[in-house]
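Undergrad: Okay, predicted coordinates and the sequence, questions at the end:
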Amino acid sequence: MRFFTVILCFASVCSAGAFELPAGSSQCVVGVADGWDSTHVTLSYFEKKGGAWQRVGGEWKGRLGSKGLVWGRGLHPNPGGAALKKEGDGRAPVGVFDLGGVWGVHKSVKKHPKTFYHQVTPRDLWVEDGSSKHYNQFLTLDHEPKTAWEKKAQMKQDDYPHSLKLFIAHNAPPNVVANGGSSIFFHIWRREGAAATAGCTTMDEEKLRWLIATVDPGRRPLYVLLPRAEYEKLKPVWKLP
């Protein structure tokens, strides 16, 4: 069994008053939902030019968790006493997150040369078992899946919406919290956006492919997801786009 860590892990800032988006980031996807119980999100893409964030292109629609949103574990500080994402709660994690690698069933995808891409096989797993030391991590078996545990964790599914995905670094190594939520990605939406998710952010396939081709690991791409009221409150404090 081989274990991979494919995202850059950065120290987060713990003080809410001091937190700002990382200075080294110049790409940012922003998702704004109407409220904590919303399953819909409006997405935008920004680039930093001359020290200022500028929107590139127009807004587009996406879907979120079937139970709405909840604070997640990322770069941002969480409010004291706030409920945090848990495994299986059906909520999309709120906050600021690095974007990691790309997984898909295709032999190759259009992407930046430095973006990690792995063509998924039946031996590739993403661990959602909170009792495992490999929780919320990518594993490749050195054998065909045999046990029920291995088969349950297989990334390769007969499910087209999961055929291409970009990792959102929620609860990511090296600071993984057991049962704190796993397997959060951007991936293709179901039924052309008619269905909510288990906690991921989904969108039209064409838009997802554009996003994967656009993000550059050297520019530290981020995902900011917030309910509208929180976004308006935190935008000047966290220096959000």
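TA: Arrived safely, thanks for sending.
Undergrad: So what's the gap between the helix or strand containing Leu125 and the chain middle?
TA: Using DSSP states H and E, Leu125 maps to strand 124-126. Relative to the centre of its chain, strand 124-126 is centred 16 Å away, using C-alpha atoms, centre = their mean, to the nearest Å.
Undergrad: In terms of secondary structure, what does that strand contact?
TA: strand 138-140 (3 or more C-beta pairs under 8 Å, 6 or more residues apart in numbering; DSSP states H and E). For the C-beta atoms, the positions are set from N, CA and C on the backbone; glycine is no exception.
Undergrad: Tell me which residues touch Ile212, please.
TA: Counting by C-beta atoms under 8 Å, 6 or more residues apart in numbering, Ile212 makes contact with Val102, Val109, Lys110, Lys111, Thr115, Leu164, Leu166.
Undergrad: Which among these count as buried?
TA: Val102, Val109, Lys111, Thr115, Leu164, Leu166 (16 or more other C-beta atoms under 10 Å).
Undergrad: Name the residue most distant from the centre of this protein?
TA: Lys146 (29.0 Å; C-alpha atoms, centre = their mean).
Undergrad: Tell me the secondary structure at it.
TA: On the three-state scheme (DSSP: H, G, I helix; E, B strand; the rest coil), Lys146 is labelled coil.
Undergrad: and the gap between it and Pro217?
TA: From Lys146 across to Pro217, the span is 35 Å (C-beta to C-beta, to the nearest Å).
Undergrad: do the same with Cys200
TA: Noted for Cys200: a distance of 21 Å to Pro217, by C-beta to C-beta.
Undergrad: So for those two, which residue has more residues nearby?
TA: Cys200 (24 against 19; other C-beta atoms under 10 Å).
Undergrad: how about the nearest residue to that one, chain neighbours excluded?
TA: Phe185 (5.0 Å; C-beta to C-beta, 6 or more residues apart in numbering).
Undergrad: circling back: got the phi and psi for the residue farthest from the centre of the chain?
TA: phi -120, psi -50 (degrees, to the nearest 10).
Undergrad: same question, His162
TA: According to degrees, to the nearest 10, His162 has phi -100, psi 10.
Undergrad: Could you pull up the residues touching the nearest residue to it once chain neighbours are set aside?
TA: Counting by C-beta to C-beta, 6+ apart, His162 lies nearest to His187, which is 5.9 Å off, once chain neighbours are set aside. Contact analysis of His187 by C-beta under 8 Å, 6+ apart lists Pro161, His162, Leu164, Lys165, Leu166, Cys200, Thr202, Leu208.
Undergrad: Out of those residues, flag the one nearest to Pro93.
TA: Cys200 (9.7 Å; C-beta to C-beta).
Undergrad: ok, now how distant is that closest one from Phe19?
TA: Cys200 is 25 Å from Phe19, where distance means C-beta to C-beta.
Undergrad: Check Ala33 too.
TA: Ala33 is 20 Å from Phe19, by C-beta to C-beta.
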